[in-house]
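Peer 1: Sharing a model prediction with you, sequence too.
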Amino acid sequence: MVNAVIIGAGPAGLTAAITCAENGLDVVVIDEYMIAGGRLLGQLYEESNGSWWNGIEESTKLYKKAVNLGVKFHLNTAVNNIEQSNGRWTVYTEKQIFYTNHLLLATGAAESPLPVPGWTLPGVMSVGAAQVMTNVQRVKPGERGVIIGVNVLSAAIAMELQLAGVEIACLTLPKMNRITKGAGKPREVLDSLLHVSHMAPSRFIRFGSKFMKNDLMKKLGVHLYPKKGVKMWGIPIQLRKAVIEIYGENEVEGVTLATINAEGEVIYGSEEHIQVDFVCIAGGLYPLAELAAVAGCPFYLVEELGGYIPLHNERMESPLEGMYVAGNITGIEGAKVAASQGETAGLSIAHRSGIKGLDAKIKDSIKMTEQIRNRAYIQFHPQIERGRKKILQQWEAYQSSKRKPS
């Protein structure tokens with residue numbers, strides 16, 4: 001029996017573990033990966049002040065700090081079930097069973113695949129896999145590739161791949177269908193790109209994006225968007241072309257591109273072939289919340305947060321007694337927001353464990369999360385604040401319904 005079990009060793013889980021341990025709790029952290037850090041491991045980018053955010057260095061610092069505080073890690077260990085009985089949580093793994101009164105789910109996010117003809121060929125991977133190969137394992141995914149799917153994640157990783165000496169022929173759209181939906185519509189993609197225009201090395205692009213705030217200018221921008229694309233970091237961002245096929249005999253040899261109109265419809269007869277040796281598919285991220293579902297936590301679909309979100313409050317508490325959530329399981333945001341949420345969750349766990357004098361710290365931690373969110377360099381969803389308000393409204397409605405006499 002331990003004071004707290006944390007599932008997930010990413011920025012949220014690591015920070016929560018440190019916070020719990022600093023308040024005198026014994027903590028166990030479980031993660032299926034062999035190294036602590038989660039998605040933090042693959043991140044490498046230059047911030048607005050010119051400094052570099054190195055995810056490997058940050059995760060190493062957090063891990064060492066947690067170990068020095070006595071946190072016990074069980075890495076390379078998958079959780080296959082959790083259940084609650086008599087106010088106690090039981091966590092089942094293939095190696096061991098853990099018991100606790102306080103369980104934090106910090107399981108992060110997973111990538112959404114975009115089906116493209118030929119995507120089963122060797123050399124086709126998710127954009128996150130290419131990031132891990134390059135930044136963590138120091139192995140190039142290939143010499144020259146194409147990224148299918150233009151979004152915040154793919155734009156950031158394209159820059160990272162180029163820094164590692166990998167040539168990106170272009171970022172382009174998938175062919176529009178019932179599954180790809182908005183990812184294949186130039187106007188919707190352009191709207192999302194406006195939220196990362198500050199990352200562009202070109203002053204012209206950064207300045208020009210300021211004029212694209214109203215619907216008329218966005219519509220005009222899509223119609224006038226160059227068919228050869230606009231370059232960012234020397235990489236063509238093509239919103240008027242889509243990959244209709246990945247081809248090759250036993251491995252990726254190239255992709256077939258076609259011009260699309262402003263509505264995303266393919267203009268047949270415009271096909272062209274581009275030779276590449278790998279392809280990345282970027283369909284975005286969604287909260288990895290299966291364990292919360294297994295536990296019976298209520299869920300709500302909040303598109304502004306990236307999908308189905310387990311119900312929780314600002315203190316990162318779920319409606320289930322003794323269960324907490326933090327990080328991308330609560331909505332897709334950056335590592336710094338996840339870490340701040342982890343601190344709040346850790347303080348809430350310590351408070352619920354009987355540690356006195358933490359109310360002010362919890363309030364300060366919640367405010368700090370808001371500040372970090374507001375100045376985030378990258379925002380994966382443009383209406384994140386609206387999404388946060390929605391989930392808090394659902395929390396209030398849920399609590400009100402429980403208070404009503406039956």
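Peer 2: On my side now, so go ahead.

Peer 1: can you map out the helices along the chain?
Peer 2: Listed in chain order, the helices of the chain (DSSP state H) span residues 11-22, 55-68, 127-135, 152-163, 186-193, 203-209, 215-224, 290-295, 335-352, 359-374, 384-403.

Peer 1: Just say which of those is most tucked in.
Peer 2: The highest average neighbour count among the helices of the chain, using mean count of other C-beta atoms under 10 Å, belongs to helix 11-22 at a mean of 29. C-betas here are computed from N, CA, C, even on glycine.

Peer 1: and that one, C-alpha only, in PDB?
Peer 2: Provided in PDB are the C-alpha atoms of helix 11-22 (Å, rounded to 0.1, in the frame of the first residue of the first chain):
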ATOM      1  CA  PRO A  11       5.900  15.900 -17.700                       C
ATOM      2  CA  ALA A  12       2.600  15.700 -15.800                       C
ATOM      3  CA  GLY A  13       3.400  12.400 -14.000                       C
ATOM      4  CA  LEU A  14       7.000  13.300 -13.100                       C
ATOM      5  CA  THR A  15       6.000  16.800 -11.700                       C
ATOM      6  CA  ALA A  16       3.200  15.300  -9.700                       C
ATOM      7  CA  ALA A  17       5.500  12.600  -8.300                       C
ATOM      8  CA  ILE A  18       8.000  15.200  -7.200                       C
ATOM      9  CA  THR A  19       5.300  17.400  -5.600                       C
ATOM     10  CA  CYS A  20       3.900  14.400  -3.700                       C
ATOM     11  CA  ALA A  21       7.300  13.300  -2.500                       C
ATOM     12  CA  GLU A  22       8.300  16.900  -1.400                       C
END
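
Peer 1: packing partners for that helix?
Peer 2: Helix 11-22 sits against strand 4-7, strand 27-30, helix 55-68, helix 335-352, with contacts defined as 3 or more C-beta pairs under 8 Å, 6 or more residues apart in numbering; DSSP states H and E.

Peer 1: Recalculate using a threshold of 10 Å.
Peer 2: Here helix 11-22 touches strand 4-7, strand 27-30, helix 55-68, strand 72-74, strand 103-105, helix 335-352, going by 3 or more C-beta pairs under 10 Å, 6 or more residues apart in numbering; DSSP states H and E.

Peer 1: Walk me through the domains of the protein.
Peer 2: For the chain, automatic domain parsing gives the domain ranges 4-110+286-403, 113-283.

Peer 1: Could you save those domains as CSV and add columns showing mean pLDDT?
Peer 2: Formatted as CSV, these follow (pLDDT from 0 to 100):
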stretch, mean pLDDT
domain 4-110+286-403, 93
domain 113-283, 81
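
Peer 1: so can I have CSV of the helices and strands packed on helix 11-22 showing distance to Val189?
Peer 2: Output for the helices and strands packed on helix 11-22, formatted as CSV (distance: least, C-beta to C-beta, whole Å):
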stretch, distance to Val189
strand 4-7, 34
strand 27-30, 38
helix 55-68, 26
strand 72-74, 40
strand 103-105, 32
helix 335-352, 24
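
Peer 1: Of those, which is nearest Val243?
Peer 2: Between Val243 and those, the tightest spacing by C-beta to C-beta is seen for helix 55-68, at 28.8 Å.
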